[in-house]
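Peer 1: Structure here, sequence nowhere to be found:
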């Protein structure tokens, strides 16, 4: 336990990740396709650093997780934002992607379920996007960290499975932080073609050597634990989703479409902008988030952080009691 492990991760952990991914996504993955990283953020950083040359463009649908455009830029690439909105269910179309394509476009970032919106792409729309990306010779960089958390009729699909033509041009990110509630353990992984994984492993060997051994052993235990715990978590999140939707639905000026996945809601707050709340004139969602924090002690993330102003991201990954308390405080503030 106190010795260095291979830079790519414990062999048995890599094998377990490959088996899990193959079984759950219907794609063929071997341990050689897996790099274990210090959280999924490091997988994102290593993936883009390995894939991109200076000036390469990456299509980044918005709203996006805050790290994605930064990771592209840090790797020397250029993030090209492709905007979506409520009218599209926060999903981009092939036509939108085509409009933003240039000769420098190298990759498409694809996220389903989404942080911050909870949007989940249908299999048919994914197939259309995958066919387009394959036809344009692009790489697809896919964040699958919320794969276990979908609700109602929505379901998770992996781009590598929906579009087999992209199997050798897809990088996938995942980890233990969401599925197994192991955020502080910092264990994630990158899955991709063996040459990319080998290059990313060489990079990691100079960045941090190997991921901490205790975290890797804990991740292996989690992967071997079976689906029962995850199923219970999904049921709890589904209930909390209903709870926060009901609470926000009673607040004037807030419109919140039900998310299909993840554990966030991303309501429009346009109805509150331009108003005076708790003695302060609020013109932007960023200012509104500050008022919520200062006056109600409720922390939310403004849409500006995700490239989509006029919205706030609320997380319902907390206890029912805290969720109810936060909703009550905001209802009193906005009454």
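Peer 2: Great, that's in hand. This one's a predicted model, so the numbers in the text were calculated from it and none came from an experiment.

Peer 1: Residue 314 and residue 263 touch, don't they?
Peer 2: No. Residue 314 is not in contact with residue 263 according to CB atoms under 8 Å; the separation is 9.7 Å. (Each C-beta comes from the backbone N, C-alpha and C, glycine too.)

Peer 1: and for the helix or strand harbouring residue 294, what are the contacting residues?
Peer 2: If you go by DSSP states H and E, residue 294 is part of helix 285-296. Here helix 285-296 makes contact (CB atoms under 8 Å, 6 or more residues apart in numbering) with 269, 272-273, 277-278, 280, 282, 298-304, 309-312, 326, 329-330, 332-333.

Peer 1: Please enumerate the strands of this protein.
Peer 2: Taking DSSP state E to define them, one finds strands in the chain at 34-37, 57-62, 78-83, 105-111, 139-143, 170-175, 188-191, 264-265, 276-277, 280-281, 301-302, 312-315.

Peer 1: Okay, now the sheet partners of the last one, with direction.
Peer 2: Translated: strand 312-315. strand 264-265 (antiparallel), strand 301-302 (antiparallel) (DSSP bridges).

Peer 1: tell me which residues form a beta bridge with residue 143?
Peer 2: Bridge pairing for residue 143 (DSSP bridges) gives the partners residue 111, residue 173.

Peer 1: ok, it - contacts?
Peer 2: 40, 44, 65, 68, 109, 110, 111, 172, 173.

Peer 1: how much space is there between the closest residue to the third one other than its chain neighbours and residue 289?
Peer 2: In this structure, residue 65 finds its nearest non-sequential neighbour in residue 115, 4.8 Å apart by CB to CB, 6 or more residues apart in numbering. Residue 115 sits 17 Å away from residue 289, taking CB to CB, to the nearest Å as the criterion.

Peer 1: One more: residue 184?
Peer 2: 25 Å.

Peer 1: between those two, who's got more neighbours?
Peer 2: More neighbours surround residue 289 than the other of residue 184 and residue 289, with 22 against 8 (other CB atoms under 10 Å).

Peer 1: burial measure for the spatially closest residue to residue 266 that is not a sequence neighbour, as a count.
Peer 2: Nearest residue to residue 266, sequence neighbours excluded (CB to CB, 6+ apart): residue 117, at 4.4 Å. Residue 117: 30 surrounding residues under other CB under 10 Å.

Peer 1: Who are the contact partners of residue 117?
Peer 2: Contacts of residue 117 (CB under 8 Å, 6+ apart): 63, 90, 259, 262, 264, 266.

Peer 1: Let's have those residues in a markdown table, adding neighbour count, pLDDT and distance to residue 139.
Peer 2: Listed next are those as a markdown table, based on neighbours: other CB atoms under 10 Å; pLDDT from 0 to 100; distance: CB to CB, whole Å:
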| residue | neighbour count | pLDDT | distance to residue 139 |
| --- | --- | --- | --- |
| 63 | 25 | 97 | 22 |
| 90 | 25 | 97 | 23 |
| 259 | 29 | 96 | 27 |
| 262 | 30 | 97 | 24 |
| 264 | 22 | 98 | 27 |
| 266 | 25 | 98 | 27 |
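
Peer 1: Closest to residue 152 out of the residues you listed?
Peer 2: Looking at the contacts of residue 117 and their distance to residue 152, the nearest is residue 259, at 9.9 Å (CB to CB).

Peer 1: that older thread, I'd guessed the residue nearest to residue 65 sits against residue 146; true?
Peer 2: Yes. Under the criterion of CB under 8 Å, residue 115 makes contact with residue 146 at 6.8 Å.

Peer 1: any residues in contact with both of those two?
Peer 2: residue 262.

Peer 1: ok, those two, which is more surrounded?
Peer 2: residue 115 (25 against 22).

Peer 1: Any figure for the gap between the more buried one and residue 283?
Peer 2: Distance of residue 115 to residue 283, given as CB to CB: 26 Å.

Peer 1: what do you get for residue 139?
Peer 2: Distance of residue 139 to residue 283, given as CB to CB: 40 Å.

Peer 1: Looking at those two now, which is surrounded by more residues?
Peer 2: residue 139 (24 against 10).
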